[in-house]
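Undergrad: what follows is a predicted structure for the sequence shown.
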Amino acid sequence: MNQDIIVTPTFDIKSTFKASLLVFKNQKIALYGIAILLFLILNFYLKDALDLINLWVPLLVFILFISFTIYSIYKTSKRQIQENPRLKEKIIYILNEDYFQEKGETFEVKHFWKDIFKVVEKNEFFLIYTYKNRANFIKKSDLRNNQLNDLKELFNSLNIKKSLK
């Protein structure tokens, strides 16, 4: 495959939020932190008594913690869409066998595939992890004609960590 795949991404709060949740969910530190928090809460409340009231308190604290985390991710996604000046520009993604490029009116960033951490395909988008905890996403709904197949073919030809459907 020697041709460029050019995608014009669209950014909205809902898709940015979903992609951010997926990136957060895939971070081991987040999962370990949640497990440790749950263990500490349960250990603290269950060491003396096992009555029903003491069982509900750690569960409530855990649910509140998860809810706050999800709400924080939503607020960050919303702020990013509303305040990031780059997202107000016309942006294109250029993908070929050498690199993944983000190109706007005032910026241009090339990510060479050898530096990409991994590529993951989800139901609604592709996540291109430029670092362990940062990913650019391409919505499948932004792809035209045969670009989905071309993109999968490109990702399969690359020597990077990938999880494609």
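TA: Here it is on my side, so go on.
Undergrad: burial check on His111, number of neighbours?
TA: Close neighbours of His111, defined as other CB atoms under 10 Å, add up to 16. Placement of C-beta: from N, CA and C, glycine included.
Undergrad: pLDDT wise, what is Leu95 at?
TA: Per-residue pLDDT puts Leu95 at 93.
Undergrad: how about it: what's its closest non-neighbour residue?
TA: Spatial nearest neighbour of Leu95, chain neighbours left out: Ile5 (4.5 Å); criterion: CB to CB, 6 or more residues apart in numbering.
Undergrad: report pLDDT for that neighbour.
TA: On the pLDDT scale, Ile5 is placed at 89.
Undergrad: do Lys47 as well
TA: As predicted, Lys47 sits at a pLDDT of 61.
Undergrad: over to the one 5 residues further on?
TA: Per-residue confidence at Leu52 stands at 53 (pLDDT).
Undergrad: hang on, the earlier thing: from Lys152, how far out is the residue nearest to Leu95?
TA: From Ile5 over to Lys152 the distance is 11 Å, taken as CB to CB, to the nearest Å.
Undergrad: over to Gly104?
TA: 26 Å.
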